[in-house]
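Colleague: sequence below, structure please.
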Amino acid sequence: MTAKTAPVLPPELAEQAAVLAAGTEQILPAGGLEEKLLLAREEGRPLRVKLGIDPSADELHIGNAVVLRKLRQFQDYGHLAVLIVGDFTGQVGDPTGKSATRKQLSREQTAANSATYVEQLMCILDRDRVEIRRNADWLGPMTLADVVRETSVLTVAQLLERDDFANRFAARQAISLTELLYPFLQGYDSYAIDADIELGGTDQTYNNLVGRNIQRAHGKAPQVVLTLPLLEGLDGVEKMSKSLGNYVAITEPAAEQFGKLMSIPDALVARYATLATDLTPDEIAELAARASAGGPAAGAAKRAVAAAVVRLYHGADAARAAEARFDATFRNRELPTDVPDAALPAGDPVHLPAVLTAAGLVASTSEARRQLRAGAVKIDGARIGDGALDLPRAELAGKVLQVGKRKAARLVG
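Modeller: Below is the predicted model of the structure:
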């Protein structure tokens, strides 16, 4: 049996295919993208390009933006982005990549999170070429008989081919029947909205392929699957995730974005340049060479990547200002001036862990004590010892209180 070859495209479609394929991990099946582009030309319509929105959190980060920026490329060529708000599947919980059953969200939580997501998505997408659908519209009315009939296209053996399920099964860890149903639910979305193409991270490959099976079972042309790489978080180990705290949100202030990005490992400079910026291949290759050299050259490459990311979401002026603030605060050791005010609590002396918590610089008084023990707390640039839990008001009023490199507030009152 010979391998399937991609159809020959006219020059303008060949250019589209090359741009759309750039940076992807896989396109399944081979030649499928070219076939869909020809189909759209022949039928005189835009392709319907599906992307599911995970409502488990309320903030998008630059790891999410990898697939979103690819979706924007499809839009720029005249195609339609079909966003599936998982208000039904969010109540099930996507188990992909998880070592334990994922916590299920309430209907109210999924609604609140998806509402904030949509506005953030429009920072990247063209809202004039977006169709927003909610999968509770078709999954909610399904009866048990419907589910039993539709799931006949899947087998337990196929489900256990997934690494996350197979590993948990081998380790005798619980896998709920609800989780086993999730790939079917996501795949059914593709049938319900007539998807031509589905985008997703590499961790979504199996779920997206299930969509092809369900479409085919209903006599529809199966979608093409494009997978994009997963961006590692600031720790350089786990994939970027809000729950792990290793993320850079797309709506964070420019200075916060720049400061966070300056903390990435040198080994990830080229990967961030590739996946999180709009730098050209030649620019990325130059930065990769600098990063591999180490030392000051790697620092300059990291700085260029940080500035490029900030430009995407805040503009060139904000990127320059963020870099200047970073230098003033961390290179020249100047105190930050554009920090929020935080009210000192009543009393004298003042309990410092309570001040840190009330100012929003730490999540709890126990974390405040940990930061003090670690020497991460400063007042007007002077480090505070871990024994200084209660300080006179006069030593705090009007001063800048800092935790680590990026969190600070001016104490008033």
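Colleague: which residue is nearest the middle of this protein?
Modeller: Centroid-nearest residue in the chain: Asn64, 2.6 Å away (criterion: CA atoms, centre = their mean).
Colleague: tell me the pLDDT of that one.
Modeller: The score at Asn64 is 91. That number is its pLDDT.
Colleague: tell me the contacts of it?
Modeller: Counting by CB atoms under 8 Å, 6 or more residues apart in numbering, Asn64 touches Ile250. Backbone N, C-alpha and C define where each C-beta goes, glycine included.
Colleague: and it, how far from Lys242?
Modeller: Separation of Asn64 from Lys242 (CB to CB, to the nearest Å): 9 Å.
Colleague: hey, what's in contact with both of these two?
Modeller: By CB under 8 Å, 6+ apart, no residue touches both Asn64 and Lys242.
Colleague: so what's the backbone phi/psi at the residue nearest to the centre of the chain?
Modeller: Dihedral pair for Asn64: phi -60, psi -30, per degrees, to the nearest 10.
Colleague: for stretch 136-156, give the mean pLDDT please.
Modeller: Averaged over stretch 136-156, pLDDT sits at 91.
Colleague: show residues contacting that stretch.
Modeller: Here stretch 136-156 makes contact (CB under 8 Å, 6+ apart) with 87-89, 180-181, 183-185, 188-189, 192, 210, 213-214, 217.
Colleague: now do Glu59 against Ile264, distance only.
Modeller: Relative to Ile264, Glu59 is positioned 19 Å away (CB to CB).
Colleague: can you check Thr227 too?
Modeller: Distance check for Thr227 against Ile264: by CB to CB, it reads 23 Å.
Colleague: residue at max distance from the center of the protein?
Modeller: In the chain, counting by CA atoms, centre = their mean, Asp348 sits farthest out from the average C-alpha position, at 44.3 Å.
Colleague: mind listing what's buried in the longest helix along the chain?
Modeller: The residue-count maximum for a helix in the chain (DSSP state H) belongs to helix 295-314. Buried residues in helix 295-314, counted by 16 or more other CB atoms under 10 Å: 298, 301-314.
Colleague: ok, Glu59 and Ile264, which is more surrounded?
Modeller: The neighbour comparison of Glu59 against Ile264 (other CB atoms under 10 Å) goes to Ile264, with 23 against 15.
Colleague: my guess is the more buried one is in a strand, correct?
Modeller: No: Ile264 sits outside any strand when classified using DSSP: H, G, I helix; E, B strand; the rest coil, being coil.
Colleague: what's the closest non-adjacent residue to it?
Modeller: Leu234 (5.7 Å; CB to CB, 6 or more residues apart in numbering).
Colleague: wouldn't the one you found be in contact with Met262 here?
Modeller: No: judged on CB atoms under 8 Å, Leu234 makes no contact with Met262 at a distance of 9.8 Å.
Colleague: what's the stretch of helix or strand Arg320 belongs to packed up against?
Modeller: Counting by DSSP states H and E, the element that carries Arg320 is helix 316-326. Judged by 3 or more CB pairs under 8 Å, 6 or more residues apart in numbering; DSSP states H and E, helix 316-326 is in contact with helix 254-261, helix 295-314.
Colleague: quick one: mean pLDDT for that helix?
Modeller: On average, the pLDDT along helix 316-326 is 92.
Colleague: what residues of that helix count as buried?
Modeller: The neighbour-count check on helix 316-326 (16+ other CB under 10 Å) flags 318-319, 321-323, 325-326 as buried.
Colleague: stretch 197-206 now?
Modeller: 197-201, 203-206.
Colleague: in helices, which of those fall?
Modeller: Using DSSP H, the subset of the buried residues of stretch 197-206 located in helices is 205-206.
Colleague: state the pair within the buried residues of stretch 197-206 that is farthest apart.
Modeller: Using CB to CB, those span at most 17.9 Å, a distance reached by Ile197 and Asp203.
Colleague: distance of Val66 from Gly200?
Modeller: Remark: distance between Val66 and Gly200 (CB to CB) = 11 Å.
Colleague: brain fart, Gly31
Modeller: Between Gly31 and Gly200 the computed distance is 20 Å (CB to CB).
Colleague: SS state for the closest residue to Leu71 other than its chain neighbours?
Modeller: Sequence neighbours aside, Ala81 is the residue nearest to Leu71 in space, at 5.2 Å (criterion: CB to CB, 6+ apart). Under three-state DSSP, Ala81 falls in the strand class.
Colleague: beta partners of Ala81?
Modeller: For Ala81, the beta-bridge partners are Val49, Val130 (DSSP bridges).
Colleague: about what we covered before: nearest to Ala254, of the contacts of stretch 136-156?
Modeller: Lowest distance from Ala254 to the contacts of stretch 136-156 (CB to CB) belongs to Asp87, with 32.3 Å.
Colleague: before we move on, back to that, got a ChimeraX select line for the buried ones in the contacts of stretch 136-156?
Modeller: Here is the ChimeraX command that selects the buried residues among the contacts of stretch 136-156 (16+ other CB under 10 Å):
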select :87,88,89,180,181,183,184,185,188,189,192,210,213,214
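Colleague: any idea which of the contacts of stretch 136-156 is closest to Leu352?
Modeller: Asp87 (43.4 Å).
Colleague: pretty sure that closest one is in a strand, no?
Modeller: No: using three-state DSSP, the secondary structure at Asp87 is coil, not a strand.
Colleague: confidence score at it?
Modeller: Predicted confidence (pLDDT) for Asp87: 81.
Colleague: distance of it relative to Val362?
Modeller: Distance from Asp87 to Val362, by CB to CB: 34 Å.
Colleague: ok, now Lys239?
Modeller: From Lys239 to Val362 the distance is 26 Å (CB to CB).
Colleague: count the neighbours of Leu372 for me.
Modeller: For Leu372, the count of nearby residues is 22 (other CB under 10 Å).
Colleague: likewise for the one 5 residues further on?
Modeller: Residue crowding around Val377 was assessed by other CB under 10 Å; the count is 27.
Colleague: quick check: closest non-adjacent residue to it.
Modeller: In this structure, Val377 finds its nearest non-sequential neighbour in Ile384, 4.8 Å apart by CB to CB, 6+ apart.
Colleague: now Leu389
Modeller: In space, and not counting its chain neighbours, Leu389 is closest to Leu352: 5.5 Å by CB to CB, 6+ apart.
Colleague: distance check, the one you found against Leu401.
Modeller: As judged by CB to CB, Leu352 and Leu401 stand 9 Å apart.
Colleague: list the contacts of Ala17.
Modeller: Counting by CB under 8 Å, 6+ apart, Ala17 touches 6, 9, 33-34, 37.
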